[in-house]
Structures are given as structure tokens and as C-alpha cells.
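K.L.:
Would you be able to build a 3D model of this:
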Amino acid sequence: MHFGRLVRFGVIAVLALVLAGAAARPAGAGTKLAIGVNDDAVKWRSGISSIAHDLGLGYYRVTQGWQPGQTQLSQSDAASLAQGVKNAGAQKILLSVFGSSSAAPVNATSRAQYCSFVSSLLDRFPQIAAVNVWNEANLSYFWKPQFNRNGSSAAPAAYEALMARCYDAIKSRHPSVRVLTSLSPRGNDNPRARSNISHSVRNFVRGMGRAYRRSHRRARIFDAWGQNVYGSSSKERPWVRHRLDIGQGDYSRLLAYLKSAFGGTRQPVPGRKDVRIWYLEDGFQTGVGAKRSFYGNSETDRAVIPALGGRLNQASQLTDAIRLAYCQPAVGGFFNFLLADESSLRGWQSGVLFSDWTQKPSYQAFKNVIAEVNSRRVNCAKLRARIKSLGG
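P.N.:
Sure, this is the predicted structure:
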């Protein structure tokens, strides 16, 4: 279930840390940060809630497929999701509902079908706390068309219309459910690209804002802005800033885009009222070492890092990323991809468990930083000093 493993982009400048307002926050203060993991294993692995409880996790993010014309769950999907809700135990579920790129709901009929489907899921499973409306809508890998035949932008306005339709459908029956967007950190704004025809976050947000303003809508379309924030590699520090991509270090720029698009409208920008940015996917891939026999195929990532040890490792990267999210005032969620590694080395090995579900050396660091966040003991001044010492 990896939604960010696409094309790496350009030269990245390691610039100053972007905490955008965190400097004014007392060292031990902070707002609530929901921490979760992306992993569909909750649908079939009994006892998984004990791991989440030990770690202190608040959420599982799981996927649910959809196809045009579908307004109700199939019997098998209903059974799978019911098992997931049961296995999650005390942890909340954020459900990401999407289909193939060609199935993207781009007209009124398909939007009505999709939103009816999502609403029916919530009728059946009121334990679901939040919903992603589609997945990485700025990529043609998940949403087509991105552009019209004449090269003009198409996807942002279509996605805005879907968000509006689903927001109303969901809130009319389930007012407490949080409704989220989902965007990839990368896009090229090139309708003639040979691959990965996509929108940058900047232009996608801008297009959504224009569509929202033209609609004269008097209600929100999202409760949280769902943003994936993968770096160009697992070795890239979380605070690195980019020219076009959106990572954690680009927090101020993302906020500026959202304020420009939605400022002065009925859609609060993150940091206002209860609206926040949620980092829905981030992850740092590790080598598998002595556990190689539990994995298939060959490693495709040349930038894997150790789980622990050396100058740079998964434990430090994940700890820094979560502390940084906590110290960014408008951020309300951080989700690691994954809980346990994918068993194919062509996939992702960014969990804190190996594919045989034994703990990586990074497990304890993940647990410790979650405890820091949950007890609001993250020291943002100390984090800034660490980043400065590392040249950030």
C-alpha cells in the first residue's frame, strides 16, 4: 500500500529548519499529535492491537477499494473490514477509499456513487473515526485525467467537487467523522510528460482553491489536509526543504499555499479552529540483515539505512520526523508507513517490525518518541538545537 514510491526529483537544498511559529512555543509545550501507522494487516492479523497498545499508537490507516457503480460493500470486503475494526481494539481507524486511476469520480454520477459508498461504510462501521477521500489525487497513477486534452488543468477542480459532495454526505449522518484529502509530495505540472503526469502540490492546491471560490460554497470540504511527505530517499533528513516537492521541511510553504487558496472563505486553513495538516505517509527504509530469508526478490532501493547504529538510522530519522511534526503548530497527525515490512524487497521495508513480525532495533525508539508526544514532553528548543548542529 505505498502511495509515494514514484519518481525522485531534482536537487534538494538542505536549508534552515522550518518550524514556522514553533519558536514561540515553550520547550515542553505542544498540541495534540495523533500518531498512527499505515498497514492493512489489521484486517487479518489477530492480536495486532497489543502491538499498537505497547507502542502507544492512536490510529491505523487502512485501505478500501471502490469501483464505479458501487454503492455498497461486497460481502467479502464487509467481512474483512469488520475483522479490521475488531482487531484494531482501542486504536482508531482512518479509512482510505479509492479505486484505479481510470475509476476516479470525475462527474456528478460517479461522485454520487462514490460518496454514497463511503457513507454506507460509516453507517455499517461507526467505529471508523476518519476518512480519506481518494488517494494522492494529484498523480495520474491514482487519478485520471490530470489535464484536459488541450493541456489545461482538470484534476484539482474535479477533486474539489468530490470533496464537497462527500463532505456533505458524510457529515449529514456522521458529524464526528473527520474528512481528509490525500496528496503526493511530488508532481511535475507537465501534461505531456512521458510518465507520472501530475500536478505539484502548489498548483493542485491553487486549482482546488479556485474551484472552491467559484462554487460560492458556504461550508468546508475538509477537516484536515492529508499530505504525504516522503523525502527523496530514506537518508534525507526530515527538515530538508525543497524547491517544488512538499516534505516536512516545507511546512511553511504548504501553509502559504493553503492560506492563499482558502483564506477568507468558509474553509478554515490548518491552524484555524479544529483544522490541521495530517502527515499521512512517511517512512524510512532499512536493510533486513540476518532476516533476509523472510523476504523475497531483490532490494531496489540503494539508499536503505540501518534500523539502529551508524551516523544515520531509522530510529533517529523517525524520532526526528515525529518530533518535528509535533513542533509544527498546524500539524495534527503523523503516520508511519508501515508497522511491519512488506515481504517483497521490491516493496517497502519501512516498518518497525521485520516481515516476520519481530521487532527491529528501531522499535523501542519509536515507542519512546510516541510516549514523549502523548505526554507532551517533546522539547522543541532542543530539537532546533539538534538540527542546527547537523547543519540544518
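K.L.:
So which bits of the helix or strand containing Ser110 are buried?
P.N.:
Element membership of Ser110 [criterion: DSSP states H and E] is helix 108-124. Going by neighbour count (16 or more other C-beta atoms under 10 Å), the buried part of helix 108-124 is Ser110, Arg111, Gln113, Tyr114, Cys115, Ser116, Phe117, Val118, Ser119, Ser120, Leu121, Leu122. (Glycine included, C-beta is placed from N, CA and C.)
K.L.:
Specify which member of those residues is nearest to Ser293.
P.N.:
If you rank the buried residues of helix 108-124 by distance to Ser293 using C-beta to C-beta, Leu121 comes first, at 38.7 Å.
K.L.:
what's the closest one in contact with, if anything?
P.N.:
Gln64, Leu73, Leu81, Leu95, Val97, Ile128, Val131 (C-beta atoms under 8 Å, 6 or more residues apart in numbering).
K.L.:
what about 10 Å?
P.N.:
64, 66, 72-73, 77-78, 81, 95, 97, 128, 131, 170, 174 (C-beta atoms under 10 Å, 6 or more residues apart in numbering).
K.L.:
got TSV for those residues, with distance to Glu236, pLDDT and neighbour count too?
P.N.:
As requested, the contacts of Leu121 are exported to TSV (distance: C-beta to C-beta, whole Å; pLDDT from 0 to 100; neighbours: other C-beta atoms under 10 Å):
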residue	distance to Glu236	pLDDT	neighbour count
Gln64	31	98	22
Trp66	33	98	22
Gln72	43	94	13
Leu73	39	95	20
Asp77	36	97	16
Ala78	40	97	14
Leu81	35	97	21
Leu95	29	98	22
Val97	30	98	20
Ile128	33	97	23
Val131	30	98	25
Ile170	35	98	21
His174	38	97	19
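K.L.:
Mind checking which of these land in helices?
P.N.:
Asp77, Ala78, Leu81, Ile170 (DSSP state H).
K.L.:
Distance of the last one relative to Val269?
P.N.:
Right, the one you point to is Ile170. Note on Ile170: its distance to Val269, by C-beta to C-beta, to the nearest Å, is 21 Å.
K.L.:
again, but for Val97
P.N.:
25 Å.
K.L.:
How about Gly310?
P.N.:
For Gly310, the distance to Val269 - C-beta to C-beta - is 40 Å.
K.L.:
cool, Phe366 as well?
P.N.:
Phe366 is 30 Å from Val269, by C-beta to C-beta.
K.L.:
Check the residue in the chain sticking out farthest from the centre and give its pLDDT.
P.N.:
Relative to the C-alpha centroid of the chain, counting by C-alpha atoms, centre = their mean, Asn150 is the outermost residue, at 31.4 Å. Looking at Asn150, its pLDDT is 97.
K.L.:
ok so, going back, out of Phe366 and Val269, which sits in the busier spot?
P.N.:
Phe366 (26 against 21; other C-beta atoms under 10 Å).
K.L.:
Contact partners for the more buried one?
P.N.:
35, 37, 55-57, 314-315, 318-319, 322, 336, 339, 351-353, 359-360.
K.L.:
8 Å instead, please
P.N.:
Leu55, Ala315, Leu318, Thr319, Asn336, Val352.
K.L.:
mean confidence for whatever helix or strand it lives in?
P.N.:
Assessed by DSSP H and E, Phe366 sits inside helix 363-374. Average pLDDT, helix 363-374: 98.
K.L.:
What are the buried residues along that helix?
P.N.:
Tyr363, Ala365, Phe366, Lys367, Val369, Ile370, Glu372, Val373.
K.L.:
what's the closest of those to Arg206?
P.N.:
Val373 (32.3 Å).
K.L.:
returning to what we had before: format the buried residues of helix 108-124 as JSON lines; extra columns: pLDDT and distance to Gly289.
P.N.:
Listed next are the buried residues of helix 108-124 as JSON lines, based on pLDDT from 0 to 100; distance: C-beta to C-beta, whole Å:
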{"residue": "Ser110", "pLDDT": "98", "distance to Gly289": "47"}
{"residue": "Arg111", "pLDDT": "98", "distance to Gly289": "48"}
{"residue": "Gln113", "pLDDT": "98", "distance to Gly289": "47"}
{"residue": "Tyr114", "pLDDT": "98", "distance to Gly289": "43"}
{"residue": "Cys115", "pLDDT": "98", "distance to Gly289": "46"}
{"residue": "Ser116", "pLDDT": "97", "distance to Gly289": "48"}
{"residue": "Phe117", "pLDDT": "98", "distance to Gly289": "43"}
{"residue": "Val118", "pLDDT": "98", "distance to Gly289": "41"}
{"residue": "Ser119", "pLDDT": "97", "distance to Gly289": "46"}
{"residue": "Ser120", "pLDDT": "96", "distance to Gly289": "45"}
{"residue": "Leu121", "pLDDT": "96", "distance to Gly289": "40"}
{"residue": "Leu122", "pLDDT": "97", "distance to Gly289": "42"}
